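*Asks:* Structure of the sequence below:
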Amino acid sequence: MKKACHYASRLASDSLDRPLTLWERIRLKLHLSMCTNCQNCDSNLKLMRQINDLMRTNDYGQIRLSKQQQAHLHEALDNEETSAVQE
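*Replies:* Modelled structure (predicted):
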C-alpha cells in the first residue's frame, strides 16, 4: 500500500469517529478523487458504519431491523459485490 493510500484510509476511518480538520478533508477528497481503491475503502467503511448503526440492539440483544432497513442493507451489500466484480 502506498504511503498516500495508507494516510487516506486512516483519514477515512478517522472521519467516522471525529470531525476532520479542513486540511485533512481537503487531502482526503483530493486523494479519493484519484484513487479508486481508496474510494472503495471509504465506501466500505461507511457501509460498515451503517450496518453497525442498524445493528444496535435493544431487548436483551435481539436485533430488530425493519423491512425497509433490511432492504436497504441488502441493496448496499449487492452494490458492493457488483462493484468488486467489475474491477
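
*Asks:* any chance you could map the helices in the protein?
*Replies:* Applying DSSP state H to the chain gives helices spanning 3-15, 22-34, 36-54, 67-86.

*Asks:* Next, format these as a markdown table and append mean neighbour count and mean pLDDT.
*Replies:* Glycine gets a C-beta too; all of them are placed from N, C-alpha and C. Converted to a markdown table, the helices of the chain look like this (neighbours: other Cβ atoms under 10 Å; pLDDT from 0 to 100):
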| stretch | mean neighbour count | mean pLDDT |
| --- | --- | --- |
| helix 3-15 | 16 | 92 |
| helix 22-34 | 13 | 95 |
| helix 36-54 | 15 | 87 |
| helix 67-86 | 11 | 77 |
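
*Asks:* contacting residues around residue 65?
*Replies:* Counting by Cβ atoms under 8 Å, 6 or more residues apart in numbering, residue 65 makes contact with 54, 73.

*Asks:* And it, what's its pLDDT?
*Replies:* Looking at residue 65, its pLDDT is 76.

*Asks:* If we ignore the residues flanking it in sequence, what's nearest the residue nearest the centre of the chain?
*Replies:* By Cα atoms, centre = their mean, the mean C-alpha position of the chain lies nearest to residue 46, the distance being 2.0 Å. Distances taken as Cβ to Cβ, 6 or more residues apart in numbering place residue 16 nearest to residue 46, at 7.4 Å, with adjacent residues excluded.

*Asks:* Can you give me the neighbour number for that neighbour?
*Replies:* Residues lying near residue 16 (other Cβ atoms under 10 Å) number 12.

*Asks:* ok, now how distant is it from residue 78?
*Replies:* 22 Å (Cβ to Cβ, to the nearest Å).

*Asks:* cool, residue 34 as well?
*Replies:* 27 Å.

*Asks:* dump the residue contacts of residue 2.
*Replies:* Listed by Cβ under 8 Å, 6+ apart, residue 2 has no contact partners.

*Asks:* Could you check the pLDDT of it?
*Replies:* We have a pLDDT of 88 for residue 2.
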